[in-house]
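In: Just to be clear, the model below is a prediction. Sequence and coordinates:
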Amino acid sequence: MKKYFIIYRPFLQFLAIFFGVYLIFTFLYQSYLNTYAVQNVSIDFITENVAKQAAFVIKLVDKNAYYILSKTTSSVQLFYKNISVSRVVEGCNAMSIIILFTSFIIAFSGYWKPTILYIAIGSVLIYTFNVLRIALLSILFYELPQYKNLLHGVVFPGIIYTVVFALWVLWTTKFSYYAAKHS
């Protein structure tokens, strides 16, 4: 058994770091969300800003686009052409994807300065893609309502996870310790 731990040590170390970082960041994020529940605030700051920024992008297409904070649920309603087209909730803010991305980068680490820089740039890129995703989904929900489930459940998650996967591949092949050893 010890032989297998030695052989698979790099893989097991990756898994331990990945899940450890993922659990720590998830706990911290959940603690952040809990502060809003304690304050009886309906929506957290990050989710509200994602919705505001998506509404701004939609306004580039239709000046009458706007958003309204829900008084009954933890959500923000987005309006396009004066019709409610989507509801932005905490799960729409891309934080879980950013936590997943960051956990992988730290587990497949490189030198600290490039690691932190890559996490920052990658997180901003994921966040930006997510805002654009919500804006485009909202417009498409109005224009193509018959494809709402396909767009929301398959197409756009596929796009955002492809971006994350591409960032991971770039990291492992160009910037990590692994890339430095094999270049």
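Out: Yep, that arrived.

In: Could you pull up phi and psi at the residue positioned nearest the centre of the chain?
Out: With distances taken as Cα atoms, centre = their mean, residue 94 lies nearest the centre of the chain, 2.4 Å away. Dihedral pair for residue 94: phi 70, psi 10, per degrees, to the nearest 10.

In: all strands for this protein, in order.
Out: 66-69, 75-80, 83-89 (DSSP state E).

In: distance between the helix ranked longest in the chain and the chain's centre?
Out: For the chain, the helix with the greatest residue count under DSSP state H is helix 112-143. In terms of Cα atoms, centre = their mean, to the nearest Å, the centre of helix 112-143 is set 7 Å apart from its chain centre.

In: Check which helices and strands it sits against.
Out: helix 45-59, strand 75-80, strand 83-89, helix 95-107, helix 156-170 (3 or more Cβ pairs under 8 Å, 6 or more residues apart in numbering; DSSP states H and E). Using the backbone N, CA and C atoms, a C-beta is placed for each residue, glycine as well.

In: Please put the alpha-carbon coordinates of the fourth one into PDB.
Out: Output in PDB follows, covering the C-alpha atoms of helix 95-107 (Å, rounded to 0.1, in the frame of the first residue of the first chain):
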ATOM      1  CA  MET A  95     -18.500  32.900  -7.200                       C
ATOM      2  CA  SER A  96     -18.800  29.100  -7.100                       C
ATOM      3  CA  ILE A  97     -17.000  28.800 -10.500                       C
ATOM      4  CA  ILE A  98     -14.300  31.300  -9.300                       C
ATOM      5  CA  ILE A  99     -13.800  29.200  -6.200                       C
ATOM      6  CA  LEU A 100     -13.500  26.000  -8.300                       C
ATOM      7  CA  PHE A 101     -11.100  27.800 -10.700                       C
ATOM      8  CA  THR A 102      -8.900  29.200  -7.800                       C
ATOM      9  CA  SER A 103      -8.800  25.800  -6.000                       C
ATOM     10  CA  PHE A 104      -7.400  24.100  -9.100                       C
ATOM     11  CA  ILE A 105      -4.800  26.800  -9.800                       C
ATOM     12  CA  ILE A 106      -3.600  26.700  -6.200                       C
ATOM     13  CA  ALA A 107      -3.500  22.900  -6.200                       C
END
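
In: Make residue 1 into 55 and carry on from there
Out: All right, first residue 55 from here; so that's helix 149-161.

In: Pull out the buried positions in that helix.
Out: 149, 151-161 (16 or more other Cβ atoms under 10 Å).

In: What is the burial count for residue 127?
Out: Residue 127 is flanked by 12 other residues according to other Cβ atoms under 10 Å.

In: Can you find the helix or strand in the protein with the smallest mean pLDDT?
Out: Using mean pLDDT, DSSP states H and E, helix 231-235 stands out as the lowest-scoring helix or strand of the chain, at a mean of 65.
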